[in-house]
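Trainee: take a look and give me a structure for this.
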Amino acid sequence: MRGMEFMMGMENDPLIATIHHLMDFPEEVEKVVSTPARAYVRDRKAMASTPADVKEVPGALVFEIDMPGAKTGEIKVQVEDDHTLVVSGERRRAEDKEAKYQRMERRMGKFMRKFPLPEDANLEAITACFQEGVLTVRVEKKPPPEPKKAKTIEVKVGGSSEG
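Mentor: Numbering: from 1, shown residues only. I've put the predicted structure just below:
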C-alpha cells in the first residue's frame, strides 16, 4: 500500500490518535510553524474526520455530511474550478474555564470535504440544508440535451446546384 491508503484505515488506532493529538497546535502556534507538509496533514485529517454519504437520485446528486456540533454560520459550501464541491468550516468547543476535562474525544477544529461533480451538474441549482447535525447538499443535474433533428435538404428537379 502507498502512504495515504495505508493511513486512511488507521484513524482509530491509539498510536495514530496520539500522533494527531501531538500535532494539534493552537491556531496562534499553527500560523508560526505552518509548512506545506503540516498543511497537507491538517487537510487530510480534516477530510478523514468528516464522514459523508453521496447518493444519486433521479435528476440530482445528494451529499449528506455529518457535522455534529457545528453551527450554520461555521459551515461554508462552495464550488471550486466549476467541478469540485467543497464543504468546509470549523467546530469550536465552548469555553468552560471551570471545567477540567477528563477525556476529550469529540473532534473540534477545522473540517473539509471535497467532492468531484459530474459534467452534467447544474451549478446554478445547488441547495444546502443543515438539520440535526447533518448537512444535506443537493446538486441538480442538467437535463440531457435534446437530440438534434436531421435537417432536410430540398432536392430540385433539373438544373445544377451552382448559382
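Trainee: for stretch 101-115, list every residue counted as buried.
Mentor: Within stretch 101-115, the residues scored as buried using 16 or more other C-beta atoms under 10 Å are 107, 110, 111, 112, 113, 115. C-beta here means a position set from N, CA and C on the backbone, and glycine is covered the same way.
Trainee: from those residues, which has minimum pLDDT?
Mentor: Within the buried residues of stretch 101-115, the minimum per-residue pLDDT falls on residue 107 (69).
Trainee: so where's this structure uncertain?
Mentor: For the chain, the stretches with pLDDT under 70 are 1-13, 16-49, 107, 159-163.
Trainee: in it, which spans are strands?
Mentor: Ranges of strands in the chain, per DSSP state E, are 52-57, 60-66, 75-80, 84-91, 109-116, 121-131, 134-141.
Trainee: quick one: closest of the ones you listed to residue 147.
Mentor: Nearest of the strands of the chain to residue 147, taken as C-beta to C-beta: strand 134-141 at 17.7 Å.
Trainee: what comes up buried for that closest one?
Mentor: So for strand 134-141, counting by 16+ other C-beta under 10 Å, buried means 135, 137, 138, 139, 140, 141.
Trainee: which two among these are spaced furthest apart?
Mentor: In the buried residues of strand 134-141, two members sit farther apart than any others by C-beta to C-beta. They are 135 and 141, at 19.9 Å.
Trainee: picking up where we left off before, would a markdown table of the buried residues of strand 134-141 with distance to residue 103 be doable?
Mentor: Output for the buried residues of strand 134-141, formatted as a markdown table (distance: C-beta to C-beta, whole Å):
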| residue | distance to residue 103 |
| --- | --- |
| 135 | 27 |
| 137 | 32 |
| 138 | 37 |
| 139 | 38 |
| 140 | 43 |
| 141 | 45 |
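Trainee: with those residues in mind, which one is nearest to residue 58?
Mentor: The closest of the buried residues of strand 134-141 to residue 58 turns out to be residue 141 (C-beta to C-beta; 9.0 Å).
Trainee: surely that closest one meets residue 121?
Mentor: Yes - shown here, residue 141 and residue 121 form a contact pair, counting by C-beta atoms under 8 Å, at 6.4 Å.
Trainee: anything in contact with each of the two?
Mentor: residue 61 (C-beta atoms under 8 Å, 6 or more residues apart in numbering).
Trainee: from memory residue 137 sits against residue 65, does it?
Mentor: Yes - between residue 137 and residue 65 there is a contact under C-beta under 8 Å: 7.3 Å.
Trainee: mind listing the shared neighbours of the two?
Mentor: Jointly contacting residue 137 and residue 65 under the rule C-beta under 8 Å, 6+ apart are residue 87.
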